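Peer 1: coordinates for the following, if possible.
(one chain, ligands or ions: 2)
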Amino acid sequence: MNVKGWVRSFRNNQFIALNDGSCMGNIQVVITLDTDEAIVKKINNGASLSVDGTVIPSLGKGQKYEIKADSITILGECDPEQFPLQLKNRPSLEYLREIAHLRFRTNTFGAVFRIRHTLAYAVHKFYNDRGFVYLHTPIVTASDAEGAGEMFSVTTLPLGKPPLNEDGSINFKEDFFGRATNLTVSGQLEAELGAMALSEVYTFGPTFRAENSNTARHLAEFWMIEPEVAFNDINDNMDLAEDFIKYVVSYVLEHNREDLEFLAQRLADEEKQKPMNERSDIALIDKLEFVVKNEFERINYTQAIEILIDSPAYKKKKFTYDVKWGIDMQSEHERYLVEKHFKKPVIVTGYPRDIKAFYMRQNDDGKTVAAMDILVPGIGELVGGSQREERLDKLTQRMKEMHIPAEEMYWYLDTRRFGTVPHAGFGLGFERLVLFVTGMTNIRDVIPFPRTPKNAEF
Ligand code: 4AD
Ligand code: MG
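Peer 2: Ligands and ions are numbered 1, 2, ... in the order given. All right, here's what the predicted structure looks like:
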């Protein structure tokens, strides 16, 4: 038979550990004494080989079978004096980020990207099995779905000398699309249009945010899954999100056991380096199984604020940011709720309307909206969503208050004019999901080539 792959190690001038990335394990290739000396010299870590040989039971420990090489062809040499992965003994994740073009060849990143793939597949399978339609929403758009203004412009106008209007502002009529455009921050508004006919749709695509947050949980380019469902209310929305998360997590538990076990061990080793009081008391696979088997906690925003104010952390002034009704909870607050208080995923509903987007359905109290965020241990916010405001008058009124130009959004408002229905949806940040499942701690390590402030390498 023939095997091809990259050399992971070469022991005693006899045993090659060859890996082609299809799984964690290597195949052991045993070379014979009459293998050409010139070829043996080129079997260095990182070199690529094609091996013809015979599969035989292995006498050594660690594998059942091995390949006795009849002939070896060096496909690509690899100079150990220059190969970056070879130069450091146990390269740190930070170092591997600098050589992201080569980090796929490590066990850690092999496991992470195989799991990322399984998760993406499970996302489509989950929605397909439930009859949802996968909708491709535009990447270039003229609207700001979240109203947060954190957008990357898309233009072909000359930056140095753009055409100007009489008042000195840029004349976007001369731009490629005849108007100012940007990269999308969310496919939600277009998904809502689809849901108003197809009933159950979802998007799964790249989204872009020019927010200058240099944290371990923010990317400027990330992937988001956004289901949108006609006739769903906020409770249906929570049920869908909870089922969805449990499904994709259990799919990985079932299909990527070996990768998970490797990452669990890696995480356990990392935890051992930390001081006792900062260690997580639950192992990766146990954590995932716990999430699949237990109900998420459901509380409202007001209860969340009360819990925080009653907490020892608040009383001992451990929070950097203040807590009172009306605040946009910071990651430290979200993580307190899930990691210290409930020790499980939490769905928070009924946020103050003043900190949420214009499209969320207003509750009767006049203060809150039918929003929901799902918070998970180690990450904080994994999902943000809501029931949508389907009442034309309430929606236009809110847009006016928030200075969102109704004329430009006529297409969005048309769905409320022509056969409006209650509907709801949410967005799940795909990289945050991969972080949660792999136990990795920096979002830059779960997307092949991260885009973050001051970084667009590769
Ligand atoms: O809460 P967000 O901003 O919600 C929306 O965009 C809605 N339009 C979704 C909807 O209702 N259809 O973002 C949704 C999720 C967050 O919960 C988070 O997981 C992720 O997207 N997210 C990010 N992930 C990585 N980097 C960033 N900069 C992110 N911003 C949001
Ligand atoms: Mg959010």
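Peer 1: tell me how far the helix or strand where D373 lies is from the chain's mean position?
Peer 2: Taking DSSP states H and E as the definition, D373 sits inside strand 368-376. Distance of strand 368-376 from the chain centroid (C-alpha atoms, centre = their mean, to the nearest Å) equals 19 Å.
Peer 1: equivalent analysis for stretch 416-424, please.
Peer 2: Using C-alpha atoms, centre = their mean, the offset of stretch 416-424 from its chain centre is 30 Å.
Peer 1: quick one: end-to-end distance for that stretch.
Peer 2: Taking C-alpha to C-alpha, to the nearest Å, stretch 416-424 runs 14 Å from one end to the other.
Peer 1: identify the residue nearest K394 in space, chain neighbours excluded?
Peer 2: Nearest non-adjacent residue to K394, counting by C-beta to C-beta, 6 or more residues apart in numbering: Q362, 5.7 Å away. In this view, the C-beta of every residue, glycine as well, is placed from N, C-alpha and C.
Peer 1: which strands or helices does the worst-scoring helix or strand of the chain on mean pLDDT pack on?
Peer 2: Averaged element by element with mean pLDDT, DSSP states H and E, the chain has its least confident helix or strand at helix 84-87 (a mean of 87). If you count contacts as 3 or more C-beta pairs under 8 Å, 6 or more residues apart in numbering; DSSP states H and E, helix 84-87 packs onto no helix or strand.
Peer 1: neighbouring contacts of it?
Peer 2: By C-beta atoms under 8 Å, 6 or more residues apart in numbering, the surrounding residues in contact with helix 84-87 are N44, N45, G46, C78, P80, P91, I99, L102, R103, R105, T106.
Peer 1: looking at the residues you listed, state which has the most neighbours.
Peer 2: In terms of neighbours by other C-beta atoms under 10 Å, these top out with R103 at 22 neighbours.
Peer 1: isn't it up against R97?
Peer 2: Yes - using C-beta atoms under 8 Å, R103 makes contact with R97 at a distance of 7.4 Å.
Peer 1: so how far is the next helix or strand after the least confident helix or strand of the chain from its chain's centroid?
Peer 2: Once helix 84-87 ends, the next helix or strand along the chain (criterion: DSSP H and E) is helix 93-98. With C-alpha atoms, centre = their mean as the basis, helix 93-98 stands 19 Å off its chain's centre.
Peer 1: which strands and helices sit next to the helix or strand just after helix 93-98?
Peer 2: Using DSSP H and E, the next helix or strand after helix 93-98 towards the C-terminus is helix 107-129. Under the contact criterion of 3+ C-beta pairs under 8 Å, 6+ apart, the helices and strands touching helix 107-129 comprise helix 93-98, strand 133-134, strand 200-208, helix 234-255, helix 257-272, helix 430-438.
Peer 1: swap the cut-off to 6 Å and go again
Peer 2: Under the contact definition 3 or more C-beta pairs under 6 Å, 6 or more residues apart in numbering; DSSP states H and E, helix 107-129 sits against helix 234-255, helix 257-272, helix 430-438.
Peer 1: quick one: the strand holding D373 to helix 234-255, angle?
Peer 2: Here strand 368-376 runs at an angle of 10 degrees relative to helix 234-255 (axes from the mean of the first three to the mean of the last three C-alpha atoms, to 10 degrees).
Peer 1: and the stretch 301-450 of the chain, which of its residues are near ligand 1?
Peer 2: Selection of the stretch 301-450 of the chain residues close to ligand 1 by C-beta under 6 Å from any ligand atom yields E381, L382, V383, G384, G385, G425, F426, G427, G429, E431, R432.
Peer 1: next, the contact list for I39, please.
Peer 2: I39 makes contact with I72 under the criterion C-beta atoms under 6 Å, 6 or more residues apart in numbering.
Peer 1: what about it, which helix or strand?
Peer 2: helix 37-41.
Peer 1: how distant is that helix from the center of its chain?
Peer 2: With C-alpha atoms, centre = their mean, you get 44 Å for helix 37-41.
Peer 1: give me the mean pLDDT for it.
Peer 2: Across helix 37-41, pLDDT averages out at 94.
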